[in-house]
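1. Return a 3D structure for these sequence lines:
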Amino acid sequence: MKVRNVILAVAAVAAGVSVMSTSAFAQAKEQFFPLLSYRTGPYAPNGVPWANGKQDYLKMVNARDGGINGVKITFEECETGYATDRGVECYERLKSRPGVSLFDPQATGITFALTEKVPHDKVPLITLGYGLSVAQDGMAFKWNFPMMGSYWTGADILIQYLGKKEGGLDKLKGKKITLVYHDSPFGKEPIPLLQERARMHGFDLQLIPVTAPGVEQKSAWLQVRQSKPDYVLLWGWGVMNSTALKEAQATGYPREKMYGVWWAGAEPDVKDVGEGAKGYNALALNTSGQEPKVIQDILKYVHAKGQGTGPKDEVGQVLYTRGAIIGMLGVEAVRRAQERFGKGKVMTGEQVRWGLENLNLDQKRLDALGFTGVMRPLSTSCSDHMGSTWARVQTWDGKKWNFSSDFIQADEQILKPMIKAGADKYLADKKMTRRPGTDCQS
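-> All right, here's what the predicted structure looks like:
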């Protein structure tokens, strides 16, 4: 019996080791994507489709491709409510998970707070179309990636568009342009660029802050009615956007003279206003609809199996598609990193950072990924962490969005000196220095 017990004990230990080894191996073969989100509160109508698109894309890559070169994708959502302190808590809780890839803070305020933390933790931040505008400068911000545009590029594109509409930028002289903005880091971010453009072209810039979350705007629109601006730029998010459109309608301000940032140009912003928002314009970084192959693949591999994160009829909406783009950029950064550090291996945050810095998503690659027509090609480098500075203007016809311009590129001659000066000031304030050129090879 004693011999038999010893044999059983050895077998049990061996089995335990086998289980632990299998578990450790499985864990080692998982690339973890922390998903900060806000499905509650006044920003939920916009935050939910964005979060759903990110999550469904990751599910689709697992189901269709078996992960990233055999590495399974895992993820976990953490609710921030769009609050900076809760966003930091989510980051601190998830940053040490094995195989952590990158963080998409999904809020400019959270991005500001995490920017000081990620260099120490060696985890990159991807802030598609938001965050710090000066973070385009990769030599100053090694860990920040404001992909596809910033609030400076967005504001610049809108001024270019309005100038063309007036017959030339010189025709903006003497015009009144009012910025109605969310009184937060997000809403304040475009102000330096608009002030520079106002100085260059001689238009009168009026700034009207709206207290978060933006459900009370009567005083703001009373100011608009009194000043009668030629154009209103809307830098809103969540409930602020639909409220602004309703107040504009109530005060008689023409919606066709209103131009929103790309976070104020989605279905939740206009669907409750309907015909009342007709003529309203907003920037667009991406298309919408269920026609693109990537959206069809999500419907086929995720929703058709009952594994969709949200309602099927919301798949392909503006913010949902943007979420899918963010998911794709993260996956492609891992894939790019594997090309250098080991195909089929789990990448560290530092390796994923290198992947984000060395993306080359040309049209051929976007076509292969199913993103034909969804977005413009994107290419990053050590010095350029944005990769693309283009956007279009779209107009709401009362039922759907229609593009009303071709792609417009932000003016780099104006932006580059501002970005460098802003980045240098940030570094000086934080007592930090720029990356040496040799760091670009590492």
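
2. Quick one: mean pLDDT over the helix or strand encompassing Ile419.
-> If you go by DSSP states H and E, Ile419 is part of helix 412-429. Mean per-residue pLDDT for helix 412-429: 96.

3. Can you give me the buried ones in it?
-> 414-415, 418-420, 422-423, 426-427 (16 or more other CB atoms under 10 Å). Every residue, glycine included, has its C-beta placed from N, CA and C.

4. Ok, stretch 208-218 next?
-> So for stretch 208-218, counting by 16+ other CB under 10 Å, buried means 208, 210, 212-214, 217.

5. and what of stretch 394-411?
-> Quick answer for stretch 394-411 (16+ other CB under 10 Å): 394-396, 401, 405, 408, 410-411.

6. Break the chain down into its domains, please.
-> Listed domain ranges for the chain are 28-149+289-382, 152-284+393-413 (source: automatic domain parsing).

7. Show me the contact partners of stretch 212-220.
-> Applying CB atoms under 8 Å, 6 or more residues apart in numbering, the contact partners of stretch 212-220 are 41-43, 180, 182-184, 208-210, 236-241, 243-244, 247.

8. try 7 Å
-> Identification of contacts with stretch 212-220 by CB atoms under 7 Å, 6 or more residues apart in numbering yields 42-43, 180, 182-184, 208, 210, 236, 238-240, 243-244, 247.

9. Most widely separated two among those?
-> By the measure CB to CB, Tyr43 and Ile208 form the most distant pair in the contacts of stretch 212-220, at 20.2 Å.

10. hang on, the earlier thing: alpha carbons of the helix holding Ile419, as PDB, please.
-> The C-alpha trace of helix 412-429 is given here as PDB (Å, rounded to 0.1, in the frame of the first residue of the first chain):
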ATOM      1  CA  GLU A 412       2.000  70.900 -41.400                       C
ATOM      2  CA  GLN A 413       3.800  74.200 -42.000                       C
ATOM      3  CA  ILE A 414       1.600  75.600 -39.200                       C
ATOM      4  CA  LEU A 415       1.400  72.600 -37.000                       C
ATOM      5  CA  LYS A 416       5.000  71.400 -36.900                       C
ATOM      6  CA  PRO A 417       6.500  74.600 -35.200                       C
ATOM      7  CA  MET A 418       3.600  74.600 -32.700                       C
ATOM      8  CA  ILE A 419       4.000  70.900 -32.000                       C
ATOM      9  CA  LYS A 420       7.800  71.200 -31.400                       C
ATOM     10  CA  ALA A 421       7.400  74.300 -29.200                       C
ATOM     11  CA  GLY A 422       4.600  72.600 -27.200                       C
ATOM     12  CA  ALA A 423       6.600  69.400 -26.800                       C
ATOM     13  CA  ASP A 424       9.700  71.300 -25.700                       C
ATOM     14  CA  LYS A 425       7.700  73.200 -23.100                       C
ATOM     15  CA  TYR A 426       6.200  69.900 -21.800                       C
ATOM     16  CA  LEU A 427       9.600  68.400 -21.500                       C
ATOM     17  CA  ALA A 428      11.100  71.400 -19.800                       C
ATOM     18  CA  ASP A 429       8.200  71.600 -17.300                       C
END
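
11. helices or strands up against it?
-> When contacts are defined as 3 or more CB pairs under 7 Å, 6 or more residues apart in numbering; DSSP states H and E, helix 412-429 sits against helix 151-166, helix 191-201.

12. Give me whichever of the ones you listed is most buried.
-> helix 151-166 (a mean of 23; mean count of other CB atoms under 10 Å).

13. What is the subsequent helix or strand relative to that helix?
-> strand 176-182.

14. avg pLDDT for that next one?
-> 98.
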